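*Asks:* Sequence first, predicted coordinates after that:
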Amino acid sequence: MSRTVDKLPQPKTKAQFKVIVATASRTGTRSVYEAMTVLGYKTFHMKECLREGGVLHMEILAEAIRAQYSPFSDVERYSRPDFDKWLAEYDCLVEIPYFLGPGLLKAYADDPNIKFILTDRDPDKWVTSVNKTAGEIITKINQFPLNVLQYFNRDLHKFLTLNKVIYGAIADGTVPGDRDNKAAMRRNYISYIEMAKSVLPADRLLFSHLEDGLGWEQICAFLDLPIPDQPFPSPNVQENFRRKVGDWLKPRIQNAMMTLAAVVVPVVGSLVYFGMKYRSAFGLGPEV
């Protein structure tokens, strides 16, 4: 089966990965993403996927996740050449490796030129954090108006589809509120951390606990870089997450509403017209 990544042209140049941050979402990944950018890395994070890559990158990421995790997928799993082609301009990955799990980590674990960063946190707190952020999006996707508007803006539709794919993978197809939701997420999170620690080479891995903190001192010492003369980026608390997602969604929702109105108004007008004709034909009222 043809894959979206196969349609990408081969890059003329390839920036070799230097750092892969295997940390799961809602574990300080936004802070680390901003920190790696300050340190001079060309970093790929969910922000780039949405704002720089757009629809194409959202489609590729969703396809790669389905290929990795869905038992019903007939798409060939992504391998290192696929990741290299897709992410050719970046030398650092943050958050995206978690979505792709063992497929990506195993592809690069043996590369002696790559260092890895992994941070874990209390599993129950992680589940709560995810469900208070990404989980809210999943809940709203199936509610009005997003359940309708998503079909009237391509960016919006691809974004919501990607969120469903990601959440479905980490929650075994459950949604917030399902009986087995929290247990599935907790189990999968613990399994991922154990897998990552077993796959990634200890001599090239910086492992930490979120509760113990992670800042310039640990990261710069690990990467043999000087400490920047500025504070370490602040964490992406739930309120910041909602604001940033809302800023991205707002113009797309507005566009979807305008597109829907452009479709609905003529249809309603036609229905009213033919309705009046129908009423007149059967003696139910004056013809228009």
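*Replies:* Cool, the structure landed. Numbers count the residues shown, from 1 in each chain.
*Asks:* Could you check the pLDDT of I20?
*Replies:* As predicted, I20 sits at a pLDDT of 99.
*Asks:* got it, and M276?
*Replies:* M276 carries a pLDDT value of 47.
*Asks:* and what of P233?
*Replies:* At P233, the predicted lDDT confidence score is 94.
*Asks:* And E59, by the same measure?
*Replies:* Looking at E59, its pLDDT reads 97.
*Asks:* what residues are up against it?
*Replies:* Contact analysis of E59 by Cβ atoms under 8 Å, 6 or more residues apart in numbering lists T4, K158. Where C-beta positions appear, they are placed from N, C-alpha and C, glycine not excepted.
*Asks:* Quick one: residues contacting P201.
*Replies:* P201 neighbours (Cβ under 8 Å, 6+ apart): A109, D110, F116.
*Asks:* Confirm for me that I96 is in contact with F44.
*Replies:* Yes - counting by Cβ atoms under 8 Å, I96 does reach F44; the two are 6.1 Å apart.
*Asks:* can you list residues touching both of those two?
*Replies:* Counting by Cβ under 8 Å, 6+ apart, I96 and F44 have no shared contacts at all.
*Asks:* contacting residues for the residue nearest the centre of the chain?
*Replies:* With distances taken as Cα atoms, centre = their mean, the residue of the chain nearest its centroid is M46 (5.3 Å). The contact partners of M46, by Cβ under 8 Å, 6+ apart, come to S25, E95, I96.
*Asks:* Give me the subset of those residues that lies in helices.
*Replies:* Of the contacts of M46, the ones assigned to helices by DSSP state H are I96.
*Asks:* With distance to F17 and neighbour count added, can I get the contacts of M46 in JSON lines?
*Replies:* What follows is the contacts of M46, written out as JSON lines (distance: Cβ to Cβ, whole Å; neighbours: other Cβ atoms under 10 Å):
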{"residue": "S25", "distance to F17": "20", "neighbour count": "22"}
{"residue": "E95", "distance to F17": "14", "neighbour count": "24"}
{"residue": "I96", "distance to F17": "11", "neighbour count": "26"}
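*Asks:* if we can go back for a sec, by neighbours, which of the contacts of P201 wins?
*Replies:* Neighbour counts for the contacts of P201 (other Cβ atoms under 10 Å) peak at F116, which has 24 neighbours.
*Asks:* buried stuff in stretch 159-175?
*Replies:* Neighbour counts over stretch 159-175 (16 or more other Cβ atoms under 10 Å) mark 159-160, 162-171, 174-175 as buried.
*Asks:* One more: stretch 204-222?
*Replies:* Within stretch 204-222, the residues that count as buried by 16+ other Cβ under 10 Å are R204, L205, L206, F207, S208, L210, L214, W216, Q218, I219, F222.
*Asks:* Closest one of these to N240?
*Replies:* Relative to N240, the closest of the buried residues of stretch 204-222 is L210; by Cβ to Cβ it sits at 16.3 Å.
*Asks:* Give me the distance between that closest one and M195.
*Replies:* 18 Å (Cβ to Cβ, to the nearest Å).
*Asks:* Counting neighbours, what do you get for T4?
*Replies:* T4 has 17 neighbours, counted by other Cβ under 10 Å.
*Asks:* where along the protein do the helices fall?
*Replies:* According to DSSP H, the chain carries its helices in the segments 29-38, 46-48, 54-69, 80-86, 96-100, 102-108, 123-131, 134-141, 146-149, 154-170, 181-199, 216-223, 238-281.
*Asks:* highest average neighbour count across those helices?
*Replies:* Using mean count of other Cβ atoms under 10 Å, the stretch among these with the greatest mean number of neighbours is helix 96-100 (a mean of 24).
*Asks:* send the alpha carbons of it over as CSV?
*Replies:* Extracted C-alpha coordinates of helix 96-100, given in CSV (Å, rounded to 0.1, in the frame of the first residue of the first chain):
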residue,chain,number,x,y,z
ILE,A,96,7.6,12.9,18.4
PRO,A,97,9.8,9.9,19.4
TYR,A,98,7.3,9.0,22.1
PHE,A,99,4.4,8.9,19.7
LEU,A,100,6.4,6.5,17.4
